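Undergrad: just to be clear, the model below is a prediction. Sequence and coordinates:
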Amino acid sequence: MIRKLSALFGGQSLAMDLGTANILLAVPGKGIVANEPSVIAIDSYTDKVISVGSEAKAFIGRAPERIQVLRPIRNGVIAHYDAARQMIAHFVRETSRKLNMRKPRLVICVPMGVTPVEKRAVIEAGMEGGARQVDLIIEPLAAAIGAGLPIQEPLGSMVLDIGGGTSEVAVISLSAIAFAESVRVAGDAMNVAIQRYFQDKRQLLIGEIMADTAKIEVGAAVPQEETRTMLVYGKNLVDGAPSSVTAEDADIREAIREPLSAIVEAVKNALERTSPSLSADIFDNGLLLAGGGSMLAGLEDLISNQCGISVIRDNDPLTTVVRGTAKVLEADGALDHVLLDR
């Protein structure tokens, strides 16, 4: 009833993908309107917010002791309640101001297994940002809708959403999740593995952003036709001096072997525990890859080879989830049954 009344008294709405690495916002019919890192910088003396998003991310590893640079969303859940509340409210408030929106309806994507306390925290943050109503949707469902999968049909669809903090694999049929599994291994775990590799193998201490850059620039899940290289900068562990080494795609592949194995095992486990009828559907239709972590080169080949199913990466995997959330809003209530109970 509340959702129906909200639709009657105002058509402005926002979709938000609350990710560990990035927050994306979309307006139904207009597309993506914001894509910012999930980072906030706070003055620890005054508790005042200094910056949010890209500006705050630039502070990582460079901020003085007084400034706390936080990533409030960790492993797909809220790790720092107050900072998360301030960050979500900031993005909703600023986006509404720029687009001249007044009290929009807001639908936010959340990971599977979100607790009642976490749901309440997200909803309160959205309301604080000026939303008239806040609803939640599970990320794999939003990804399936964003990719145009036939989720409302009696047909099995499989989605693997790899974000910054979690990898979530779900089998969906008749607008519901038939089986799902979440592992706290995703883009961030790959970055940590890359940092550890260069520390152990190359005696080079590198930062989080450098590790992420190496993963994006030369990383690959399987050997590529051409060797890719780049200079990786950091601090020499022997003498403490600034230094650099040349990294190849083989280095990154070795570094992230364990995180990738954990993700593949989650897919295998989901396939083993799926009913025969839905398994047949998945064999025919394949698995959809979504999320920023799925953009690693060759990942679809690795999963296909080890799991024996076809794998398709969405055309724009970073925005799949938020596009699906926007489609729920565009449906004028026809897809509200996929939203979480508040």
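TA: That came through, no problem.

Undergrad: relative to residue 101, how far out is the residue most central in space within the chain?
TA: To find the centre residue of the chain, average its C-alpha atoms and take the closest one (C-alpha atoms, centre = their mean): that gives residue 163, at 3.2 Å. In this structure, residue 163 and residue 101 are 26 Å apart, going by C-beta to C-beta, to the nearest Å. Quick note: C-beta positions are derived from backbone N, CA and C, even for glycine.

Undergrad: related to what we said a few turns ago, was I right to think the residue nearest to the centre of the chain contacts residue 294?
TA: No: proximity of residue 163 to residue 294 does not meet the contact threshold set by C-beta atoms under 8 Å, at 9.0 Å.

Undergrad: all strands of the stretch 1-150 of the chain, in order?
TA: Listed from the start of the chain, the stretch 1-150 of the chain has strands (DSSP state E, counting those that start in this stretch) covering 13-18, 22-27, 31-37, 40-43, 49-52, 67-70, 73-74, 77-78, 105-110, 133-138.

Undergrad: wait, which of the ones you listed is closest to residue 329?
TA: When the strands of the stretch 1-150 of the chain are ranked by proximity to residue 329, the top entry is strand 13-18, at 4.5 Å, counting by C-beta to C-beta.

Undergrad: so what does the closest one touch, helix or strand wise?
TA: The elements that strand 13-18 packs onto, with contact taken as 3 or more C-beta pairs under 8 Å, 6 or more residues apart in numbering; DSSP states H and E, are strand 22-27, helix 81-98, strand 105-110, helix 320-330.

Undergrad: so which bits of the second one are buried?
TA: Counting neighbours by 16 or more other C-beta atoms under 10 Å, one finds that the buried residues in helix 81-98 are 83-92, 94-96.

Undergrad: ditto for stretch 249-260
TA: Residues of stretch 249-260 classed as buried under the neighbour-count rule (16+ other C-beta under 10 Å) are 249, 251, 252, 253, 255, 256, 259, 260.

Undergrad: out of the residues you listed, what pair is the most spread apart?
TA: Taking C-beta to C-beta, the two most distant members of those are 249 and 259; they sit 15.9 Å apart.

Undergrad: skipping its backbone neighbours, what lies nearest residue 216 in space?
TA: Closest residue to residue 216 apart from its sequence neighbours, by C-beta to C-beta, 6 or more residues apart in numbering: residue 295 at 7.6 Å.

Undergrad: give the contact list for the one you found.
TA: Shown in contact with residue 295 (C-beta atoms under 8 Å, 6 or more residues apart in numbering): 216, 313, 317, 318.

Undergrad: pick the most buried one from the strands of the stretch 1-150 of the chain.
TA: Burial among those, expressed as mean neighbours by mean count of other C-beta atoms under 10 Å, is greatest for strand 13-18, which shows a mean of 29.

Undergrad: got a list of what residue 19 touches?
TA: With C-beta under 8 Å, 6+ apart as the criterion, the residues that contact residue 19 are 38, 73, 109, 163, 164, 292, 321.

Undergrad: go through those and say which is closest to residue 31.
TA: Nearest to residue 31 out of these is residue 321 (C-beta to C-beta; 14.0 Å).

Undergrad: these two touch, right, that closest one and residue 141?
TA: No: contact status for residue 321 versus residue 141: not in contact, 9.3 Å apart, counting by C-beta under 8 Å.

Undergrad: who has more neighbours, those two?
TA: residue 321 (35 against 29; other C-beta atoms under 10 Å).

Undergrad: excluding sequence neighbours, find me the nearest residue to residue 188.
TA: With C-beta to C-beta, 6+ apart as the criterion, residue 188 has its nearest non-adjacent residue at 5.0 Å, and that residue is residue 164.

Undergrad: picking that back up, with pLDDT and distance to residue 135 added, can I get the contacts of residue 19 in JSON lines?
TA: Below are these laid out as JSON lines (pLDDT from 0 to 100; distance: C-beta to C-beta, whole Å):
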{"residue": "38", "pLDDT": "95", "distance to residue 135": "20"}
{"residue": "73", "pLDDT": "88", "distance to residue 135": "19"}
{"residue": "109", "pLDDT": "92", "distance to residue 135": "11"}
{"residue": "163", "pLDDT": "93", "distance to residue 135": "20"}
{"residue": "164", "pLDDT": "92", "distance to residue 135": "23"}
{"residue": "292", "pLDDT": "93", "distance to residue 135": "23"}
{"residue": "321", "pLDDT": "97", "distance to residue 135": "15"}
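
Undergrad: any chance of TSV for the residues you listed, columns distance to residue 208?
TA: What follows is the contacts of residue 19, written out as TSV (distance: C-beta to C-beta, whole Å):
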residue	distance to residue 208
38	13
73	15
109	24
163	16
164	11
292	15
321	23
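
Undergrad: residue 263: neighbour count?
TA: Using other C-beta under 10 Å as the criterion, residue 263 is surrounded by 25 other residues.

Undergrad: check which helix or strand covers residue 302.
TA: Secondary structure assigned from DSSP states H and E places residue 302 in helix 299-307.

Undergrad: check which helices and strands that helix sits against.
TA: Taking 3+ C-beta pairs under 8 Å, 6+ apart as the contact definition, the neighbouring helices and strands of helix 299-307 are helix 257-272, strand 287-290, strand 311-313.
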